[in-house]
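Colleague: Dropping the sequence and predicted coords here.
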Amino acid sequence: MMGEASKQPVFVYNLMVEDFVPAEHPLRAIRPFIGTKYIRKICKDLYSYTGRPSIPPEQLFLSLIGGFILGIPANAN
């Protein structure tokens, strides 16, 4: 089952997530070019309608892109 993205803008200590990512960060520059609604649409048929919700596919894709840009290997073997 495809999970839903839930926004969590504030941490327990009333800190904004936006405060931890600099405005000139490279991920901020490419974020507007990635269509999360399109990613969700093309992945819809790959998920079951029953079972436990998964990580939302758009969040998984964004984390893989972020890791690629920052030089983090996808397999840590």
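Modeller: Good, I have the coordinates.

Colleague: okay, CA-based contacts and neighbour counts for the rest of this
Modeller: Will do.

Colleague: Quick check: longest helix in the chain by residues?
Modeller: Longest helix of the chain, by residue count under DSSP state H: helix 57-70.

Colleague: and it, which residues are buried?
Modeller: Neighbour-count burial for helix 57-70, with 16 or more other CA atoms under 10 Å as criterion, is recorded at Pro57, Glu58, Gln59, Ile65, Gly66.

Colleague: Give the other helices and strands that that helix contacts.
Modeller: Applying 3 or more CA pairs under 8 Å, 6 or more residues apart in numbering; DSSP states H and E, we find helix 57-70 packed against helix 36-43.

Colleague: Identify the residues contacting the most centrally placed residue in the chain.
Modeller: Per CA atoms, centre = their mean, the C-alpha nearest to the average position across the chain is that of Gln59, at 2.2 Å. Applying CA atoms under 8 Å, 6 or more residues apart in numbering to Gln59 gives the contacts Ala5.

Colleague: With Glu58 instead?
Modeller: Going by CA under 8 Å, 6+ apart, Glu58 touches Thr36, Lys37, Ile39, Arg40.

Colleague: which other residues reach stretch 41-54?
Modeller: Met1, Met2, Gly3, Glu4, Pro57.
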